[in-house]
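Novice: Provided below are the primary sequence and the corresponding predicted coordinates.
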2 protein chains.
Amino acid sequence: MATRRAPKLDKKQAVDTALRLLDEVGLDGLTLRAIARELDVQAPALYWHFKNKQELLDEMATEMYRRMVAGQRIAPGATWQERLTAASTGLRTALLGYRDGAKVYSGSRFTGTEHAVRLEENLQAFVTAGFTLPQAVRALTTAYLFTLGFVTEEQGVEPAPGERRDGFDVTERAARMADFPLAATAGAELFQDFGQGFEESLRLLIAGIEARYGVA
Amino acid sequence: MATRRAPKLDKKQAVDTALRLLDEVGLDGLTLRAIARELDVQAPALYWHFKNKQELLDEMATEMYRRMVAGQRIAPGATWQERLTAASTGLRTALLGYRDGAKVYSGSRFTGTEHAVRLEENLQAFVTAGFTLPQAVRALTTAYLFTLGFVTEEQGVEPAPGERRDGFDVTERAARMADFPLAATAGAELFQDFGQGFEESLRLLIAGIEARYGVA
DNA sequence: AAATCTCCTTAACGGCGTTAAGTGATACGG
DNA sequence: CCGTATCACTTAACGCCGTTAAGGAGATTT
């Protein structure tokens, strides 16, 4: 009674391969045929494991989240400020870890309920810190959605770390904007040092939560 | 000397038609052939006016912005808080005005420099109110990117006002989340009353700007 | 009248997501 | 030990996509 020969393909491996390929070819190049080729399989084989391409993308987003959570260690005694900052910068780093990461991620939905573990933890920590549940939800959601918007824009300008999309050379942009001096200067502020800008925005948000919800 | 026969197609009309069609068929259904059909023209004709589909989408995003600005009247004596709120809720309303509005908008880039007029105005107002330029940029950008993230998520759950994507029935979601009581309750908070949630987030942000930059 | 320019048409290319049908290996019921 | 069912794939094909090539009709210029 030999066990059934292992299938060529399993879900986990397909998702891992797709994520690796994403970095090489970007979202536009991430076709089912290309993924299949990488897995040494014909494209329709993927339909045995995923009901369609979106379901594969959903699994990819879920796996991105899983890896992010696995890579985050939050100190047990962390303040809510530290927790919110860690969650947000962690999400940004995770999304920046893949070409078009933000687009893939925010165009998809988690499968299962695994993701709720960390969410529950975060909400719990906030409630313990003195927030009402609606306040906790609002605070965390605001940071979360800001981060998604931020990285989407960031990757629109800088698809992969280092390379820059056309029309976003900072000095050339400043020239085009000559009639709008403040906006021209703003360009440099906006399109350089994304990391610093991101952290400053988080500080703004945290200051607002402290002020408005009275939890310091 | 009769004037040259008017061309069947002009850029402005093509963009308007594409935006109207977007509402009917969504971004996935917005193909060049469908747009061309609506314009009573063959698909390749569009390549006379646009270098490729992305350029048409860029023009669509620019037109969305143009209409948004045209529809906004800011009181001359408005405070920076009112201005930031008006800009953000105005952007949200504008994006919600089109099916997949946020995706189209944030996947595209403005053509020309027309958009800088309003940006310059806003920066000017903030500087006059006592902000440094980097502070003004940070404040406005944070609100802007949060809004993009928010509406992207909102339209992911509710593609068109009223209709809801699968898996986002609020009570059904709560059932799936039974093991995570806070997260389950959070769902109701998150996926209902988007408008109220949005405004509360803005208030958080404004409170943070006041607190951190000391401009009340 | 010839040449040119403008703006569109027809035809076609390669590639896409997806479906239908078939096929060989493995497990299981008699 | 054999037939049948099930699993996990392959091959073939469909309709559609963005885009390019080539051409042509009409207005304008020479």
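Specialist: That came through fine. Predicted model, so just to flag it, every value in this text is computed and none were measured. Residues are numbered from 1 along each chain as shown, chains lettered A, B, ... in the order given.

Novice: Please make it C-alpha for all contacts and neighbour counts, starting now.
Specialist: Fine.

Novice: Check which residues of stretch A:114-132 are buried.
Specialist: A:116, A:119-120, A:122-127, A:131 (16 or more other Cα atoms under 10 Å in any protein chain shown).

Novice: distance of A:Ala61 from DNA strand D?
Specialist: According to Cα to the nearest atom of the strand, to the nearest Å, A:Ala61 and DNA strand D sit 21 Å apart.

Novice: Based on its surroundings, how many neighbours for the nearest residue to that residue once chain neighbours are set aside?
Specialist: In space, and not counting its chain neighbours, A:Ala61 is closest to A:Tyr105: 5.0 Å by Cα to Cα, 6 or more residues apart in numbering or on different chains. A:Tyr105 has 23 neighbours, counted by other Cα atoms under 10 Å in any protein chain shown.

Novice: which ones are touching A:Tyr105?
Specialist: Applying Cα atoms under 8 Å, 6 or more residues apart in numbering or on different chains to A:Tyr105 gives the contacts A:58, A:60-61, A:64, A:95.

Novice: And for A:Lys103?
Specialist: Residues A:Thr152 are the ones in contact with A:Lys103 under the rule Cα under 8 Å, 6+ apart.

Novice: Okay, and it sits in which element?
Specialist: helix A:101-106 (DSSP states H and E).

Novice: right, is that helix up against DNA strand C?
Specialist: No - Helix A:101-106 is not in contact with DNA strand C by Cα under 7 Å from any atom of the strand; minimum separation 13.0 Å.

Novice: Skip ahead from the helix or strand bottoming out on mean pLDDT in chain A and say which helix or strand is next.
Specialist: Of all helical and strand segments in chain A, the minimum by mean pLDDT, DSSP states H and E falls on helix A:170-176, at a mean of 88. Using DSSP H and E, the helix or strand that follows helix A:170-176 in sequence is helix A:181-191.

Novice: Any idea which residue of chain A lies closest to chain B?
Specialist: A:Gly208 (3.3 Å; Cα to the nearest Cα).

Novice: Relative to B:Lys51, how far out is that residue?
Specialist: 45 Å (Cα to Cα, to the nearest Å).

Novice: One more: A:Gly156?
Specialist: 20 Å.

Novice: show me where chain A has helices.
Specialist: A:11-29, A:32-39, A:46-49, A:53-70, A:80-96, A:101-106, A:116-129, A:133-157, A:170-176, A:181-191, A:194-213 (DSSP state H).

Novice: which residues of chain A score low on pLDDT?
Specialist: A:1-5 (pLDDT under 70).

Novice: can you tell me which residues contact the residue nearest the centre of it?
Specialist: Residue closest to the mean C-alpha point of chain A, counted by Cα atoms, centre = their mean, is A:Leu95 at 3.4 Å. With contact taken as Cα under 8 Å, 6+ apart, A:Leu95 is in contact with A:64, A:101-102, A:105, A:151.

Novice: Which ChimeraX command selects the buried ones in those residues?
Specialist: Buried members of the contacts of A:Leu95, defined by 16+ other Cα under 10 Å, are picked up in ChimeraX with:
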select /A:64,101,102,105,151
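
Novice: I'd like to know how many residues surround A:Ala6.
Specialist: 7.

Novice: Columns distance to DNA strand D on top of the buried residues of stretch A:114-132, output as TSV?
Specialist: Formatted as TSV, these follow (distance: Cα to the nearest atom of the strand, whole Å):
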residue	distance to DNA strand D
A:Ala116	28
A:Leu119	33
A:Glu120	34
A:Asn122	37
A:Leu123	39
A:Gln124	40
A:Ala125	42
A:Phe126	43
A:Val127	44
A:Phe131	47
